[in-house]
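**Q** Pasting the sequence and the predicted model now:
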Amino acid sequence: MSKSIYHKHHIIPRHAGGTDDPSNIVKLTVAEHAEAHRVLYEKHGKKEDWLAWKGLTGEVGKEEIIYEIRKTNSKKGAAALAKLMKDPAWKETWNEAHKAAIAKHNDWGKWNIGIKRTDEAKENYRASALRRERVPCSHCGKGYTKPNINKHEKACAK
């Protein structure tokens with residue numbers, strides 16, 4: 001006897017304004033859940049549905065889904081901020097409200113300068129850095145963390 005795994009599926013997805021109200025949620029098998037997102041993607045063309053569909057079928061990994069969601073949210077946030085910044089009233093309000101906060105932050109950041117680290121703290125920093133995944137450079141073969149590999153490869157290629 002095989003047990004089916006069920007997922008909760010939002011009839012109207014949260015990214016489209018749906019809620020967690022029980023009337024908006026149905027119980028589907030993984031295959032049915034993937035199919036529901038495929039249908040939503042083909043009907044509305046939303047990237048969130050494509051990612052859910054491909055993630056549920058195993059065609060896209062968790063890291064890629066997280067990366068795409070963050071990239072999309074970053075673009076939305078930047079577009080919203082750009083729109084707000086064109087409004088002179090908002091800009092003036094923002095300037096007044098944040099001048100003090102920025103000054104406080106700048107002073108706050110100075111507490112860290114010149115502090116001597118204990119050997120234990122230094123070892124913790126080193127251990128943390130060594131746990132990060134390393135990617136080999138295609139030119140020299142040295143390993144670099146993902147955030148640093150592109151910068152290194154550009155310099156190494158020259």
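**A** Happy to help now that I have it. Numbers count the residues shown, from 1 in each chain.
**Q** Need the three-state assignment for the closest residue to R14 other than its chain neighbours.
**A** Spatial nearest neighbour of R14, chain neighbours left out: D20 (7.6 Å); criterion: Cβ to Cβ, 6 or more residues apart in numbering. All C-beta atoms are positioned from the backbone trio N, CA, C, and that covers glycine. Classification of D20 using DSSP: H, G, I helix; E, B strand; the rest coil returns coil.
**Q** Phi, psi for D20 please.
**A** Main-chain torsions, D20, degrees, to the nearest 10: phi -90, psi 10.
**Q** Same question for Y6.
**A** Main-chain torsions, Y6, degrees, to the nearest 10: phi -110, psi 150.
**Q** what's the spacing between it and R131?
**A** 36 Å (Cβ to Cβ, to the nearest Å).
**Q** L40 too?
**A** The gap separating L40 from R131 is 39 Å, by Cβ to Cβ.
**Q** okay, the two: which has more neighbours?
**A** L40 (23 against 7; other Cβ atoms under 10 Å).
**Q** how about E133, what does it touch?
**A** If you count contacts by Cβ atoms under 8 Å, 6 or more residues apart in numbering, E133 has them with T145, K146.
**Q** Next one: it from Y41, what distance?
**A** 31 Å.
**Q** tell me the domain ranges of this structure?
**A** Recorded structural domains for the chain (assignment: automatic domain parsing) are 6-81, 123-158.
**Q** Could you list every helix and strand in contact with the helix or strand containing K8?
**A** Assessed by DSSP states H and E, K8 sits inside strand 6-10. Under the contact criterion of 3 or more Cβ pairs under 8 Å, 6 or more residues apart in numbering; DSSP states H and E, strand 6-10 touches strand 25-29, helix 30-44.
**Q** can you put the ones you listed in a markdown table and add mean pLDDT?
**A** Formatted as a markdown table, the helices and strands packed on strand 6-10 follow (pLDDT from 0 to 100):
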| stretch | mean pLDDT |
| --- | --- |
| strand 25-29 | 94 |
| helix 30-44 | 94 |
